[in-house]
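1. structure for this input, please:
(one chain, ligands or ions: 2)
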Amino acid sequence: MSKQIFINDVGPRDGLQNQTQVLMPQQRLQLIHSLTMAGLDGVEVGAFVSPKAVPAMAGTDEICQQLPDTNCNYSALIPNMKGFELAQKNGIKLASLVIATSNSMNERNIRMDNSHTLTMIKEVIAASKSTEVEVQVYLATAFECPFEGLTSSEEVIDMAAALLEMGASRIVIADTIGAGDPQAVNSLMCDLVKQYGSDNFACHFHDTRAMGLANVYAALEAGVRRFDASIAGLGGCPFAPGASGNVATEDVVMMCEQMGYQTGIDMTALLNASDLAIDLTKTARGGNAKTWLRKQYPIIN
Ligand code: COA
Ligand code: ZN
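-> Ligands and ions are numbered 1, 2, ... in the order given. Reported below is the predicted structural model:
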């Protein structure tokens, strides 16, 4: 299996959406810029959602107009057709829809039940086919929902199959509240990868119960090569009680590289981005390995 790992930093979206301190678009751009300097494969730059629902993501259009000209795959979260149209208009080439496994979570997040969400997703994907925009789908609460409890792997597999059938370019298995454990992750991802191939999937873990990195390892062992992570461990969903930060990008890169995988990421530049995330938000902690990493990759003036 390939030793190449693709990391998508979701700090500027998943990370910043939940902060009490709302950053200005220029500050968000500064963070995005520092992430591209580190050579990340992808960065989620914002969300085309209702500014009433998520005030911190207002101004994503302004950000899209000023993104650094690099090979980085910029993506944005969209909740519906209007979001797709805005993403397209603003030059985004990868739009991310989201559906939770549970009705309760979907209704809180995008004010739609699952069956309406699936219909909407089908329409958005169909519309995307005559554009340059690819649409991937986040399958949220893939292990547990804060309102409805444990999610069965059969449900996830059935939903993933339906979404791929609709033409989703990839499915991101998202542990929204950080409830998955390595065994559950490995078993689910082995089943999905065996049936549909590794490239159709990415994994998105939150570190609520300190199992984020163990879950990345479990997915790696199952053949997954694409991961979301968040600089300095920023993150959380405003609509999912208990959702804390994502697994930190610096921790994921360190583990993968130490195990002989290649991420193509410059650790010194990544740590600079982590410092900036902490400086801008005042709440991010930095990855668990940050102190040790800084000793190995000191600040160069
Ligand atoms: N972008 C910006 N504005 C949008 C929008 C979008 N994608 N979709 C709808 N809106 C606007 C409408 O134009 C309308 O504006 P108005 O009040 O000025 O007329 C308003 O939002 C309400 O529209 P409606 O279709 O009734 O939406 P709603 O109130 O049922 O809310 C969502 C649905 C999806 C727009 C809203 O819940 C949302 O943005 N959720 C985002 C959740 C999120 O980002 N979660 C992050 C974790 S995955
Ligand atoms: Zn998340």
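2. for the stretch 151-300 of the chain, which residues are neighbours of ligand 1?
-> Contact residues, the stretch 151-300 of the chain versus ligand 1 (C-beta under 6 Å from any ligand atom): Cys237, Phe239. The C-beta positions use only the backbone N, C-alpha and C, and glycine is treated the same way.
3. which stretches of the stretch 151-300 of the chain form helices?
-> 153-166, 182-196, 212-221, 249-258, 267-281, 290-296 (DSSP state H, counting those that start in this stretch).
4. next, the angle helix 212-221 makes with the second one.
-> Computed by axes from the mean of the first three to the mean of the last three C-alpha atoms, to 10 degrees, the angle separating helix 182-196 from helix 212-221 equals 30 degrees.
5. re earlier: would a markdown table of the helices of the stretch 151-300 of the chain with mean pLDDT and mean neighbour count be doable?
-> Below are the helices of the stretch 151-300 of the chain laid out as a markdown table (pLDDT from 0 to 100; neighbours: other C-beta atoms under 10 Å):
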| stretch | mean pLDDT | mean neighbour count |
| --- | --- | --- |
| helix 153-166 | 98 | 16 |
| helix 182-196 | 98 | 18 |
| helix 212-221 | 98 | 23 |
| helix 249-258 | 98 | 22 |
| helix 267-281 | 97 | 21 |
| helix 290-296 | 97 | 14 |
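6. okay, those helices in TSV with distance to Glu144 next?
-> Shown next, in TSV, are the helices of the stretch 151-300 of the chain (distance: least, C-beta to C-beta, whole Å):
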stretch	distance to Glu144
helix 153-166	11
helix 182-196	9
helix 212-221	13
helix 249-258	22
helix 267-281	27
helix 290-296	28
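7. and His33, which of those helices is closest to it?
-> Closest to His33 of these is helix 267-281 (C-beta to C-beta; 8.8 Å).
8. would you mind getting the angle between the closest one and helix 249-258?
-> Using the same axes, to 10 degrees: helix 267-281 against helix 249-258 is 170 degrees.
9. kindly export helix 267-281 (C-alpha atoms) in CSV.
-> C-alpha atoms of helix 267-281 as CSV (Å, rounded to 0.1, in the frame of the first residue of the first chain):
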residue,chain,number,x,y,z
MET,A,267,7.3,20.6,10.2
THR,A,268,9.0,24.0,11.0
ALA,A,269,6.5,25.8,8.9
LEU,A,270,3.6,23.7,10.4
LEU,A,271,4.7,24.7,13.9
ASN,A,272,4.7,28.3,12.9
ALA,A,273,1.1,27.9,11.7
SER,A,274,0.3,26.2,15.1
ASP,A,275,1.9,29.2,16.9
LEU,A,276,-0.2,31.6,14.8
ALA,A,277,-3.4,29.6,15.5
ILE,A,278,-2.7,29.9,19.2
ASP,A,279,-1.9,33.5,19.0
LEU,A,280,-5.0,34.4,17.0
THR,A,281,-7.5,32.4,19.0
